[in-house]
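Peer 1: Prediction below, plus the sequence it came from.
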Amino acid sequence: MALLTFPHFPSLSLFPNTRFISQTRRRLSSFGVKMTLSSNRDKSGAAILWFKHDLRIDDHPGLVAASKYKDVVPIYVFDPRILSRLSDEMLEMILFAVEDLRKSLKDCGSDLMIRFGNAENVIQELVKEVKATCVFAEKEVEYDLCLMMDIVKKKLEALTSSEESTKIILWHTPFYDIKLLKEIPTSYNDFKKLQCPITVPLLHTSLAGVEMELDWGSLPTYDDLQIFMSKNPKKLEANWISIKATSAETLSQEQLFKSSKSYEKNIISSQRKSSKLGGSVFVTKRRNMVGGGTNSVLNALAAYLRYLEGTARDDWQEVHERTRSAESRDGASFIRLFGPALCLGIISRRRVHYEAIKYEKERNGGFLSPFGYSAATIAAAVDAVSSMEWYWLMALRDQRNDDRKHYIRIWRWNGYLVQYTADGTQGPAVLLVHGFGAFWEHFRGNIRSIVEGGNRVWAITVLGFGKSEKPNLVYTELLWAELLRDFIIEVVGEPVHLVGNSIGGYFVAIVGHLWSSLAKSIVLVNSAGNIIPSYTSVPFTKERQTSGFLRLGAQLLLLYLRLRIKDIVKKYYPSRAERVDDWLINEMLRASYDPGVPVVLESIFSFNLSIPLNYLLEDFKENVLIIQGMKDPISDSQSKVAMIKEHCPGFVIRELDAGHCPHDEVPEEVNPIIREWILNVERKRLVECPA
């Protein structure tokens, strides 16, 4: 891990009654809100402080900026479009966090308004009620939330055409001291060389109350929230709710679709009332995630960082016990325990970094060692929040780049940022899934052509690759399959034609097998996986082993790939080596320096590809298309095609004079095949199930 240059952090305890900041005036960069810290409320009119994924008052630049207004109305909106993406556990977490946020705001002389419905309508009505001149809201990078923010802005602009119309002011918590977003290099390796200093957290300030009488609303119970979600007119189909609620691991252990009772049981068990257990920082029923309010999370963080010291405190002992059970690989426990709280903004990334470095200095007489951190938990916390900030910055930067053939969109899955693109306005839905080490842009020569064939196309960069986030997880084929499942449900919103290359083909085969209602057809382009005649079902492997030997192997493999990447990729394009251009190689090299890459590479040694393709796709039969580059250097295409023809009746096969990535090597040949395939499948479905 490369160390950054850290400024000196004075103890916040020296300033018990004042806000602390390293300068009298701090600019939050050219792409954030500019504010001056002052105790004077010099702004007339009312301001609305809209909380979304920033459920705290600690280190909250928006709150500090809003505090300059004479009247401030904080609000949290239970918007079904936001809540529908969250698990039951995360809904529990939100209730505890919002409850604590309301209490904290009351302690500051204010309150928190609770409302239900579409945020743009709620905010518009509140602006009219309190005659607000501005709305403070945290900047977003997720595509759907950015659209929501645009709708809110248009709603506010529609209220009046005068120069004094209500403005929406976006803010974010700066982690690095960066003045211009466009100055950030896209290579993390180059970014580290800049040695950008880390900014200092803000303490909260008091807020002005509101003189007028307002209905602040009541905090719902967990059951209230479930009823509200069930009445949401845009809710998912009942069977899709059960699909999301059941893991791939559970399905495989229950012999896949033999009974729907497991779904019903899962749904029933989720209908529970949330209740915090005995003051524990693990607030959900499963008690595996740190939650509650900011102070609760900070207390748990203090316990986590001091894991090596041991403790007699019951609350800290509980954290230590959960740390041991969550450490599936070195450092993974931090994301497992604190990731949800960071995602909801109960605590800021900058605060975590500050507390970790402060403790590191305490352990080392006030200094930072150039040889690494003195405790694994400190390293885990610093690495995690630094990595999260990097991917957030990249997501924000890429969305501002208009010089692209296809616009980048961001989807948040289980708290992690995932990139994708979408094109087309009508026709069947198609999802393109890349292979190991690639990204959605690997379909650069396919997307537009498939769209022109009368389809809508989504292409995704799965977690751990390209510019999608690479968290410290144990990556498995089941994890990636669940990601694709949730993407289809949450983003596409309807069954798709799944197209997968290499290991991506194996992922889509798993999706088709476990959740067949999500797939109209399967297209495998030089897919990973074998054909094994007369195969009988066995459970997927549950435990994935990690070790120092595997980590070393991943590091050596990474070095080898960086040195030989162009030669290796050219072998995959035997017919048209010129397609391996500088852009493709540079993007692969850039991604290889991203934080978390070695962890992803470790997964190579633990993939379970033992379930054969003929078993996974036996229920699709005539809805499977095989596109096989016959010059594939990493598999015996002749033998594989022969096995498919013999043991997979109904599979359609197209053989091409290409290597491992025919979709990118010879897109002019692959695209017509895919377009014709989709057209034929759709015609057949129309005949079988006429409207």
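Peer 2: Now that the structure is in, tell me what you want to look at.

Peer 1: and the end-to-end length of stretch 651-669?
Peer 2: 19 Å (Cα to Cα, to the nearest Å).

Peer 1: Tell me which residues of it come out buried.
Peer 2: 651-652, 654, 656, 658-667, 669 (16 or more other Cβ atoms under 10 Å). From N, CA and C alone the C-beta is placed, and that goes for glycine too.

Peer 1: now stretch 462-481: how far from the chain's centre is it?
Peer 2: 10 Å (Cα atoms, centre = their mean, to the nearest Å).

Peer 1: What residues of that stretch count as buried?
Peer 2: For stretch 462-481, by 16+ other Cβ under 10 Å, it's 462-481.

Peer 1: Over to stretch 675-689?
Peer 2: 675, 677-678, 681-682.

Peer 1: wouldn't residue 115 be in contact with residue 77 here?
Peer 2: Yes: with contact defined as Cβ atoms under 8 Å, residue 115 reaches residue 77; the gap is 5.1 Å.

Peer 1: Tell me which of those two has more neighbours.
Peer 2: Using other Cβ atoms under 10 Å, the more surrounded residue of residue 115 and residue 77 is residue 77, with 21 against 18.

Peer 1: shared neighbours of residue 115 and residue 77, anything?
Peer 2: The contact sets of residue 115 and residue 77 overlap at residue 122 (Cβ atoms under 8 Å, 6 or more residues apart in numbering).

Peer 1: out of the buried residues of stretch 462-481, which are inside strands?
Peer 2: Residues of these located in strands (DSSP state E): none.

Peer 1: Filter those residues down to the ones in helices?
Peer 2: 477-481 (DSSP state H).

Peer 1: Turn those into JSON lines, columns for pLDDT and distance to residue 425.
Peer 2: Converted to JSON lines, these look like this (pLDDT from 0 to 100; distance: Cβ to Cβ, whole Å):
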{"residue": "477", "pLDDT": "93", "distance to residue 425": "33"}
{"residue": "478", "pLDDT": "92", "distance to residue 425": "34"}
{"residue": "479", "pLDDT": "93", "distance to residue 425": "32"}
{"residue": "480", "pLDDT": "96", "distance to residue 425": "29"}
{"residue": "481", "pLDDT": "96", "distance to residue 425": "29"}
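
Peer 1: Mind putting those residues into JSON lines with distance to residue 412?
Peer 2: Listed next are these as JSON lines, based on distance: Cβ to Cβ, whole Å:
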{"residue": "477", "distance to residue 412": "22"}
{"residue": "478", "distance to residue 412": "20"}
{"residue": "479", "distance to residue 412": "16"}
{"residue": "480", "distance to residue 412": "16"}
{"residue": "481", "distance to residue 412": "18"}
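
Peer 1: now the helices for the stretch 151-300 of the chain?
Peer 2: Per DSSP state H, counting those that start in this stretch, the stretch 151-300 of the chain carries helices over the ranges 188-194, 222-230, 238-245, 248-253, 261-270, 294-305.

Peer 1: for the last one, packing partners?
Peer 2: To tie it back to what came earlier, the one meant is helix 294-305. Helix 294-305 sits against helix 88-107, helix 314-326, helix 332-343, helix 349-363, helix 376-399, with contacts defined as 3 or more Cβ pairs under 8 Å, 6 or more residues apart in numbering; DSSP states H and E.

Peer 1: could you check the angle helix 314-326 makes with the last one?
Peer 2: For helix 376-399 against helix 314-326, the angle by axes from the mean of the first three to the mean of the last three Cα atoms, to 10 degrees is 70 degrees.

Peer 1: From the chain's centroid, how far away is helix 376-399?
Peer 2: Worked out by Cα atoms, centre = their mean, helix 376-399 lies 12 Å from the chain centre.

Peer 1: and what of stretch 305-321?
Peer 2: Stretch 305-321 has its C-alpha centroid displaced from the chain centroid by 29 Å (Cα atoms, centre = their mean).

Peer 1: List the buried residues in that stretch.
Peer 2: 305-307, 315-316, 318-320.

Peer 1: need those residues in CSV with pLDDT and distance to residue 330, can you?
Peer 2: Formatted as CSV, those follow (pLDDT from 0 to 100; distance: Cβ to Cβ, whole Å):
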residue, pLDDT, distance to residue 330
305, 96, 16
306, 95, 18
307, 94, 13
315, 88, 25
316, 93, 21
318, 93, 22
319, 94, 18
320, 95, 16
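
Peer 1: any idea how far residue 340 is from the spatially closest residue to residue 286 that is not a sequence neighbour?
Peer 2: Among residues not flanking residue 286 along the chain, residue 89 sits closest, at 6.2 Å (Cβ to Cβ, 6 or more residues apart in numbering). Separation of residue 89 from residue 340 (Cβ to Cβ, to the nearest Å): 7 Å.

Peer 1: Comparing those two, which shows the higher neighbour count?
Peer 2: Set side by side, residue 89 and residue 340 show more neighbours around residue 340, with 26 against 19, by other Cβ under 10 Å.
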